[in-house]
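Chemist: Sequence and computational prediction follow.
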Amino acid sequence: MNRADRRRQEARRGTGHYPTHTNSWVDEGKAHFQAGRYSEAEQVCRLALAAAPQHPEALQLLGLALYRQQRIPEAV
């Protein structure tokens, strides 16, 4: 298990120092996206959307990350 996996697991349990606020997850997703790590951006956006299903930035970033992964039908 790598560091990102541990952080996601901690977030789901509500422990650790992983950001628990939705906007923090979106910010992390933006950093992944800008670095070209689209799969990681997708995963973090899905965490944010699990907490706030209608979060506009998370929805937009998820669509962009899916688009960059050539998963167009899911991105629309």
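Modeler: Right, received. Where do you want to start? All figures in this text were calculated on a predicted structure; none of them were measured in a lab. Numbers count the residues shown, from 1 in each chain.
Chemist: and the residue nearest in space to the middle of the chain, what helix or strand is that in?
Modeler: When CA atoms, centre = their mean is applied to the chain, the residue found nearest the centroid is V44 (1.7 Å). Assigned by DSSP states H and E, V44 belongs to helix 38-51.
Chemist: packing partners for that helix?
Modeler: Packing partners of helix 38-51 (3 or more CB pairs under 8 Å, 6 or more residues apart in numbering; DSSP states H and E): helix 3-13, helix 22-34, helix 56-68. Bear in mind the C-beta positions are built from the backbone N, C-alpha and C, glycine included.
Chemist: Compare these and give me the one nearest V76.
Modeler: Among those, helix 56-68 comes nearest to V76, with 7.4 Å by CB to CB.
Chemist: tell me the angle of that closest one relative to helix 22-34?
Modeler: For helix 56-68 against helix 22-34, the angle between stretch directions is 20 degrees (axes from the mean of the first three to the mean of the last three CA atoms, to 10 degrees).
Chemist: Any buried residues in helix 56-68, and which?
Modeler: For helix 56-68, a neighbour-count test (16 or more other CB atoms under 10 Å) marks E57, A58, L59, L61, L62, G63, L64, A65, L66 as buried.
Chemist: Having no further points to raise, I will conclude here.
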